[in-house]
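Asks: quick one: sequence plus predicted model below, questions after.
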Amino acid sequence: MARFTLPRDIYFGPGSIKELAALGKTHKRAMIVTGGSSMQKFGFLDRLEGILKEAGLEVTRFEGVEPDPSVETVMKGAKAMQDFGPDVIVAIGGGSPIDAAKAMWVFYEHPEKTFDDIKDPFTMPKLRTKATFVAIPSTSGTATEVTAFSVITDYSTKVKYPLADFEITPDIAVIDSDLAETMPPKLTAHTGLDALTHAIEAYVAGLHSDFSDPLALKAIAMIDDDLVASYNGDMAARDRMHIAQCLAGMAFSNALLGITHSMAHKIGAQFGLPHGLCNAILQPYVIQFNRKACEARYADIARSLGLPGATERQLVNVLIEKLRALNESLNIPATLEEAGVSKDCFDAHLKFISEQAALDPCTGANPRATTAEDIAKILTCAYEGRDVNW
């Protein structure tokens, strides 16, 4: 039996945050979880709190979630929830505060659990006995507002753990493009390329289906149309990208991902590189590796974009070059070395990263069976700029 899960309600479009006033009919106490100062700076945090209070809810905030949320922050937030007792959790901002709030939610409802109890895929306890969950993304990439995933970092080991379970799929997602218009260009590029990687990996992943495939292809087409324009400041394109990344999230939450994300999770933590940047660098090399198992699927993507090629091999070659050209247009380095990772640092961490990436939940859904040795070779190619050809 297969499964396809989405939030019960998705509100979208400019100004859609106002729809949360309806929470006043069913809820009494809301905790807002957010990150740094951007939501405060642009007035969205105060606006959200005002909407909830005017609807009759008692509101408190948990602020300061870091860019790569830690286990410690999660536990601190869960304790704040236990003290306040919200019946609705509202996470607003980039992927990090939403991911952190998902994990806080678990430990709020189940304080007896430890992080080790839930870090393996699909080991979450039942939720929604204390609170429902609302997610409002301000970036156009992670799509955590519609997914069954949360990425939490253990800084003691420098390992990012992608928590996975349909229990943490939000109940309500608000895709308000007003928030996305505040992103600076570099963040627009990194998050957009993360979304593109989500869609491409979902289309070839082991659990892809007739439900996820159209979402993935539509997201790829929209990102192809709008990412560069969004990066260059076109706000209409920025609005469309906010929808595209959500479609990609719907696809990958159900089809799962692959080793681009497995490796990005691990090198991001070890080398201090943004997640979307890691995905963008790695994706062409991963396609070269995976094509032996799913060349026809990658060729489908190329055809959907109108790329030239008489054979599947030609189509996939053109797709790879298109992705590299897209990276260049968004000022993404072509290799990990160009991204600033020193040779000594790369060599010192390669074995650990490869072993951890092989254990990552995303690896199991990759279309080609992958070992730690394969990952080490792919990463070496991505560091040096050599083609993957085995």
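Replies: Cool, got the structure.
Asks: now Ala244: closest residue in space that isn't a chain neighbour?
Replies: Met222 (3.7 Å; C-beta to C-beta, 6 or more residues apart in numbering). (Each C-beta comes from the backbone N, C-alpha and C, glycine too.)
Asks: so that neighbour is in which element?
Replies: Here Met222, judged by DSSP states H and E, is contained in helix 212-231.
Asks: for that helix, list every residue counted as buried.
Replies: 212-213, 215-224, 226-228, 230-231 (16 or more other C-beta atoms under 10 Å).
Asks: got the buried residues for whichever helix or strand comes after that helix?
Replies: Under the assignment DSSP H and E, the closest C-terminal helix or strand after helix 212-231 is helix 235-255. Using 16+ other C-beta under 10 Å as the burial criterion, the residues of helix 235-255 that qualify are 237-255.
Asks: repeat for stretch 53-70
Replies: Judged by neighbour count using 16+ other C-beta under 10 Å, the buried positions of stretch 53-70 are 55, 57, 59, 61-63, 65, 68-70.
Asks: that one: how far from the chain's middle?
Replies: Mean-position distance between stretch 53-70 and its chain equals 20 Å (C-alpha atoms, centre = their mean, to the nearest Å).
Asks: distance between the ends of it?
Replies: From its first residue to its last, stretch 53-70 covers 30 Å (C-alpha to C-alpha, to the nearest Å).
Asks: could you give the mean pLDDT of that stretch?
Replies: Average pLDDT, stretch 53-70: 96.
Asks: and the next helix or strand past the host helix or strand of Leu48?
Replies: Under the criterion of DSSP H and E, Leu48 resides in helix 44-54. Remark: after helix 44-54, the chain's next helix or strand is strand 58-62, criterion DSSP H and E.
Asks: would you mind putting the CA coordinates of that following strand into CSV?
Replies: Extracted C-alpha coordinates of strand 58-62, given in CSV (Å, rounded to 0.1, in the frame of the first residue of the first chain):
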residue,chain,number,x,y,z
GLU,A,58,-3.6,34.2,24.1
VAL,A,59,-0.2,34.4,22.4
THR,A,60,3.4,34.0,23.4
ARG,A,61,6.6,33.8,21.3
PHE,A,62,9.7,31.5,21.2
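Asks: list the contacts of it.
Replies: With contact meaning C-beta atoms under 8 Å, 6 or more residues apart in numbering, strand 58-62 is reached by 28-34, 45, 49, 52-53, 77, 80-81, 84, 86, 104.
Asks: list the neighbouring strands of it plus their orientation.
Replies: Strand 58-62 has its sheet partners listed here by DSSP bridges as strand 29-33 (parallel).
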